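K.L.:
turn this into a model:
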Amino acid sequence: MLAEQSWRYRLTELDQKIFDAVLPSEHPLLDALELIEWNSLTPLLEKYYVPDLGQPSLLPLFMLKLEFLRYQYNLSDRDVLERTETDMMFRWFLQIPVGFQLPVPSTLSKFRGRLGSQGFKEVFDQLVRLARQAGLVKDRLRLKDASHVIANIAVPTTLKLFSQLRDRLLEQLEIFDLDAANGYRIATELVREQTGKQDSEVRLTARVNLLQDIVHCISELPKPVDFTDNLAWQSLCKLKEIAEKVLHDKAHPKDGHRLLSLVDTEARRGKHGDWYDGYVLDVMMDADSELITQLQVLEAGGDEAKSAVALIKGEQEAHQNQIEQMSIDGAGFNGAMLRTLEQELNVSVIVPPKEQAASELFPSSDFKLTEDGTGVICPANEKSSYKERDRHGMIYRFKRSQCDHCPLIEQCVPQPRKGSFGRSVSKNDYEKEYQRAKAKATTSEYAEIRREHPAIERKLNEVMNHHGGRRARYWGRAKVAAQQYMTGFTVNVKRMVKLLIEIRTEMA
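P.N.:
Below is the predicted model of the structure:
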């Protein structure tokens with residue numbers, strides 16, 4: 001409940017004298033309190049509170065500032081409150097009296113749950129909005145890069161994962177069919193006795209079969225009348241979906257994106273240098289102010305090219321601006337992304353082209369499309385005979401009889417006079433986009449912008465290694481996103497304060 005309790009936060013004359021006596025004349029928190037328009041965040045935060053229900057709450061802005069202190073100094077909920085008890089600078093930044101009674105640590109958890117990832121995103125966007133209003137953020141160039149986030153889990157063995165999932169399913173199943181749950185518990189004991197001395201593969205196969213039986217049993221259960229509001233039923237259905245995912249992963253190991261843990265069911269395994277378990281943080285930064293303007297959390301191995309489009313759209317929709325250019329690493333050499341950004345969103349993309357293996361054979365660019373697009377003409381003026389659709393374009397094939405007696409065969413076919421076909425040529429749907437990207441890479445403008453790109457890598461280092469972004473504090477992609485929005489908010493506050501001080505000094 002939002003209620004006016006200004007008396008709790010009112011600084012008395014004695015409070016003011018104490019603060020004047022103990023506070024230093026210079027401190028980063030003093031600058032942050034003075035230069036950031038914290039009160040502009042209050043309306044955003046109040047949307048997530050019920051105005052007239054429940055007990056009076058602590059001021060939402062006070063809670064957000066506590067969160068800021070946590071990320072600024074890498075503190076836990078308990079640590080930040082314990083430090084606030086004795087740290088006068090913390091109390092002054094929070095604008096609370098010396099004798100203010102602090103909340104218990106669980107209050108911070110409830111605050112985060114109230115805002116969720118959407119609330120923290122709105123807070124993050126509002127800070128960027130303030131930076132734009134102060135003239136700090138420009139639209140000349142965005143730098144984008146990504147790094148890995150390690151999940152807050154201990155990955156169990158496959159055998160252990162199946163056992164944990166089975167036990168949790170039976171706990172929920174007994175609410176709706178006690179006899180079936182007890183029957184499967186007996187079956188579990190039999191499986192243990194029969195496979196206890198067998199190798200791990202035999203033990204795993206027995207547990208997979210048992211889990212399949214349990215999932216089938218749950219699928220046959222009649223829905224309760226109140227299934228839409230029945231939390232136990234919803235929990236059972238959610239567990240069933242997880243079980244189906246685990247079973248699918250076991251049956252199709254090459255599909256990837258395997259579920260790793262029941263603690264964080266959205267964490268995945270990916271590779272960023274070495275293999276890791278967790279997520280990907282994708283960040284976009286204004287090159288001029290070095291302020292983060294957008295970010296999002298992907299699953300490990302997520303599509304960074306598609307994410308780049310989402311980041312650009314997210315910023316332009318939030319601030320109604322038009323970004324001129326974006327610099328991205330090799331993941332951005334993606335035809336679909338290039339077309340969307342350059343043609344639909346009018347953003348010029350600077351990206352290093354993929355290096356192609358050197359070859360003495362005729363490149364695909366030497367094969368010209370016919371006017372009707374039904375084939376290609378080779379350097380010897382022969383037209384292809386077949387075509388078939390590929391994932392990203394069309395493959396044109398020549399008959400072997402066309403190539404075998406061609407005087408240019410040694411310059412054209414990898415293995416002359418072998419195989420079912422002659423030369424095959426792939427024409428990508430996005431060939432024009434790739435050619436433009438390659439042409440840009442030869443310009444002086446490209447070289448200048450790529451010299452600016454390392455700034456985003458330094459920013460990611462700050463996020464990851466100085467403010468705890470490398471390791472997830474929570475479970476689930478949405479909660480990890482909330483963490484990263486708050487990390488980005490904290491890093492941006494630091495940068496904004498520095499820039500605003502520089503402007504104030506220049507004007508003095």
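K.L.:
checking the nearest residue to residue 114 once chain neighbours are set aside next. Helix, strand or coil?
P.N.:
Of all residues not flanking residue 114 in the chain, residue 48 sits nearest, at 4.9 Å (C-beta to C-beta, 6 or more residues apart in numbering). For glycine as for every other residue, the C-beta is placed from the backbone atoms N, C-alpha and C. When classified by DSSP: H, G, I helix; E, B strand; the rest coil, residue 48 comes out as coil.
K.L.:
what values do phi and psi take at residue 48?
P.N.:
phi -100, psi 10 (degrees, to the nearest 10).
K.L.:
my guess is it meets residue 63, correct?
P.N.:
No. Using C-beta atoms under 8 Å, residue 48 makes no contact with residue 63, being 10.5 Å away.
K.L.:
of these two, who's got more company?
P.N.:
residue 63 (21 against 15; other C-beta atoms under 10 Å).
K.L.:
so who does residue 467 touch?
P.N.:
By C-beta atoms under 8 Å, 6 or more residues apart in numbering, residue 467 lies in contact with 71, 72, 74, 487, 490, 491.
K.L.:
from residue 483, how far out is the nearest residue to the third one once chain neighbours are set aside?
P.N.:
Put plainly, it is residue 74. Spatial nearest neighbour of residue 74, excluding adjacent residues (C-beta to C-beta, 6+ apart): residue 468 at 5.2 Å. Remark: distance between residue 468 and residue 483 (C-beta to C-beta, to the nearest Å) = 8 Å.
K.L.:
with neighbour numbers in mind, choose between the two.
P.N.:
residue 483 (24 against 18).
K.L.:
how close does the more buried one get to residue 112?
P.N.:
9 Å.
K.L.:
picking that back up, which ones are touching the residue nearest to residue 74?
P.N.:
With C-beta under 8 Å, 6+ apart, residue 468 has these contacts: 71, 74, 487.
K.L.:
what about the helices in the stretch 351-500 of the chain?
P.N.:
Per DSSP state H, counting those that start in this stretch, the stretch 351-500 of the chain carries helices over the ranges 400-404, 431-440, 444-452, 454-466, 477-507.
K.L.:
so for the longest one, mean pLDDT?
P.N.:
Taken as a whole, helix 477-507 has an average pLDDT of 94.
K.L.:
from the contact counts, what lies against that helix?
P.N.:
helix 28-35, helix 60-73, helix 106-133, strand 274-286, strand 292-299, helix 454-466 (3 or more C-beta pairs under 8 Å, 6 or more residues apart in numbering; DSSP states H and E).
K.L.:
could you list every helix and strand in contact with the last one?
P.N.:
Here helix 454-466 is seen to pack against strand 141-150, strand 274-286, helix 477-507 when contacts are counted using 3+ C-beta pairs under 8 Å, 6+ apart.
K.L.:
want to throw these into CSV with distance to residue 197?
P.N.:
CSV is the format used below for these (distance: least, C-beta to C-beta, whole Å):
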stretch, distance to residue 197
strand 141-150, 37
strand 274-286, 31
helix 477-507, 41
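K.L.:
out of the ones you listed, which is closest to residue 365?
P.N.:
Closest to residue 365 of the helices and strands packed on helix 454-466 is strand 141-150 (C-beta to C-beta; 28.8 Å).
K.L.:
what residues does the very next helix or strand once past the closest one touch?
P.N.:
Sequence-wise, the next helix or strand downstream of strand 141-150 (DSSP states H and E) is helix 158-176. By C-beta under 8 Å, 6+ apart, the list of residues contacting helix 158-176 from outside reads 156, 180-182, 184-185, 188, 200, 203-204, 207-208, 210-211, 214-215, 217-218, 221, 224, 232-233, 235-236, 239-240, 242-243, 246, 250, 259-262.
K.L.:
tell me the phi and psi of residue 385?
P.N.:
According to degrees, to the nearest 10, residue 385 has phi -110, psi -20.
K.L.:
now the two most distant members of the contacts of residue 467.
P.N.:
Of all pairs drawn from those, the greatest distance, 12.5 Å, lies between 74 and 491 (C-beta to C-beta).
K.L.:
neighbour-wise, which of these two wins?
P.N.:
residue 491 (24 against 11).
K.L.:
which residues sit in contact with that one?
P.N.:
With C-beta under 8 Å, 6+ apart, residue 491 has these contacts: 292, 459, 462, 463, 467.
K.L.:
again, only using 7 Å
P.N.:
Applying C-beta atoms under 7 Å, 6 or more residues apart in numbering, we find residue 491 in contact with 292, 462, 463, 467.
K.L.:
repeat for residue 260
P.N.:
Residue 260 sits in contact with 153, 155, 267, 268, 269, 277, where contact means C-beta under 7 Å, 6+ apart.
K.L.:
most neighbours out of these, which is it?
P.N.:
Neighbour tally across the contacts of residue 260 (other C-beta under 10 Å): the maximum, 27 neighbours, falls on residue 267.
K.L.:
residues in contact with the residue lying closest to it once chain neighbours are set aside?
P.N.:
Using C-beta to C-beta, 6+ apart and skipping residues adjacent in sequence, the residue nearest residue 267 is residue 151, 3.7 Å away. Neighbour list for residue 151: 264, 267, 277, 278, 279, 472 [criterion: C-beta under 7 Å, 6+ apart].
K.L.:
most packed of the helices and strands packed on helix 477-507?
P.N.:
The highest mean neighbour count among the helices and strands packed on helix 477-507, using mean count of other C-beta atoms under 10 Å, belongs to strand 292-299: a mean of 24.
K.L.:
what about that strand, distance to the chain center?
P.N.:
Strand 292-299 sits 5 Å away from the centroid of its parent chain (C-alpha atoms, centre = their mean, to the nearest Å).
K.L.:
if you count contacts, what does it end up packed against?
P.N.:
strand 274-286, helix 304-319, helix 477-507 (3 or more C-beta pairs under 7 Å, 6 or more residues apart in numbering; DSSP states H and E).
K.L.:
who wins for proximity to residue 376 among those?
P.N.:
helix 304-319 (27.2 Å).
K.L.:
now the angle from that closest one to helix 106-133?
P.N.:
Using axes from the mean of the first three to the mean of the last three C-alpha atoms, to 10 degrees, the direction of helix 304-319 lies 80 degrees away from that of helix 106-133.
K.L.:
and the contacts of the helix or strand that helix 304-319 is followed by?
P.N.:
Next in sequence after helix 304-319, counting helices and strands by DSSP H and E, comes strand 325-328. Contact partners of strand 325-328, identified using C-beta under 7 Å, 6+ apart, comprise 140-144, 308, 312, 341, 347-351, 449-450, 452-453.
K.L.:
ok, of the residues you listed, which come out buried?
P.N.:
141-144, 308, 312, 341, 347-351, 449, 453 (16 or more other C-beta atoms under 10 Å).
K.L.:
for those, which one is nearest residue 401?
P.N.:
residue 351 (41.4 Å).
K.L.:
so the closest one is in contact with residue 334, correct?
P.N.:
No. Look at residue 351 against residue 334 with C-beta atoms under 7 Å: they stay out of range, at 8.4 Å.
K.L.:
what's the distance between the residue minimising distance to the centre of the chain and residue 472?
P.N.:
The centre of the chain sits closest to residue 297, judged by C-alpha atoms, centre = their mean, with a distance of 1.1 Å. Between residue 297 and residue 472 the computed distance is 9 Å (C-beta to C-beta).
K.L.:
any common contacting residues for these two?
P.N.:
Contacts common to residue 297 and residue 472, judged by C-beta under 7 Å, 6+ apart, are 279, 480.
K.L.:
which segments of this structure make up each domain?
P.N.:
Annotated domains of the chain cover 6-104, 141-150+268-352+441-507, 158-255, 364-432 [automatic domain parsing].
K.L.:
out of the ones you listed, which is closest to residue 358?
P.N.:
Across the domains of the chain, residue 358 has its closest neighbour in domain 364-432 (13.6 Å, C-beta to C-beta).
K.L.:
ok, residue 219 - how many residues close by?
P.N.:
For residue 219, using other C-beta under 10 Å, the count is 9.
K.L.:
spit out the contact partners of the residue lying closest to residue 295 once chain neighbours are set aside.
P.N.:
Using C-beta to C-beta, 6+ apart and skipping residues adjacent in sequence, the residue nearest residue 295 is residue 283, 4.8 Å away. Contact analysis of residue 283 by C-beta under 7 Å, 6+ apart lists 144, 145, 146, 292, 295, 456, 459, 460, 463.
K.L.:
nice, that's everything, thank you.
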